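Undergrad: Quick one, structure for this:
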Amino acid sequence: MLRCNRTAAIVIATASFLFVLLAAAGLLFVYSGVYDVSASSEHNPFVAWTLHKTYEVSLHRHAGADVPPVDFLSLENIRAGARFYHSACAICHGAPGRPPGAIALGLQPAAPALLAATRRNNPILMFWVIKHGVNMTAMPAFGKSQPDSTLWQTAAFLYHARGIGRDEYEALTGAGVGHASVPE
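TA: Okay, the predicted model is just below:
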């Protein structure tokens, strides 16, 4: 019995010491200023993977309680979502035949090309991201400035518009040649 208590005490003491050592190393790293937090340099691959994996797992945990409206994929909703995307999102995420604007060049991580044919754009996940934004990226929480109906319309457009061409994009957004919202 005495031997068991001694072994347990050693294990607890070792674990406690390692925890304190790890915490001290973490604090030393944080206060050293050694990690470059500038948006003009890319993340270390481990940090990039950790942040992206945290984003994915958090998104799947927190999204899903919202239910799309019955007329979610109506042409009217898709058009309204396209207009909102064009006015508020294309500057960072780009549009067919139009690269993202100059402001997007300074984003780290870069904003994804939401209209790419390879995107899934799950409407419930897109709604959640549009509504709540994403910390440590430039993705704002539009739920603070827009009604849910606008956010669902944008999610409908993103789902519908995967792989969309320039002509269909311009028809949905009403953005013809010379439209000034998205820099050429």
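
Undergrad: distance between stretch 160-177 and the chain's centre?
TA: In terms of C-alpha atoms, centre = their mean, to the nearest Å, the centre of stretch 160-177 is found 23 Å from the chain centre.

Undergrad: Which helix or strand contains the most centrally placed residue in the chain?
TA: Geometric centre of the chain, nearest residue: residue 134, 5.0 Å, by C-alpha atoms, centre = their mean. Following DSSP states H and E, there is no helix or strand that holds residue 134.

Undergrad: My read is that it contacts residue 54, right?
TA: No. Between residue 134 and residue 54 no contact is recorded; they are 10.4 Å apart, counting by C-beta atoms under 8 Å. From N, CA and C alone the C-beta is placed, and that goes for glycine too.

Undergrad: Not counting its neighbours along the chain, what's nearest the residue nearest to the centre of the chain?
TA: Excluding its sequence neighbours, the residue lying closest to residue 134 (C-beta to C-beta, 6 or more residues apart in numbering) is residue 55, at 6.3 Å.

Undergrad: now the chain, which segments are flagged as low pLDDT?
TA: Along the chain, the parts satisfying pLDDT under 70 run over 1-2, 176-184.

Undergrad: quick one: the helices in it?
TA: Ranges of helices in the chain, per DSSP state H, are 2-32, 45-62, 75-84, 90-93, 123-132, 148-160, 166-173.

Undergrad: Mind listing what's buried along the third one?
TA: Same thing as helix 75-84. 77-84 (16 or more other C-beta atoms under 10 Å).

Undergrad: Now do the contacts for residue 77.
TA: Applying C-beta atoms under 8 Å, 6 or more residues apart in numbering to residue 77 gives the contacts 69, 71, 152-153, 156-157.

Undergrad: my bad, residue 117
TA: Residue 117 neighbours (C-beta under 8 Å, 6+ apart): 162-163.

Undergrad: Could you chop the protein up by domain?
TA: Per the record, the chain has its domains at 1-35, 45-173, by automatic domain parsing.
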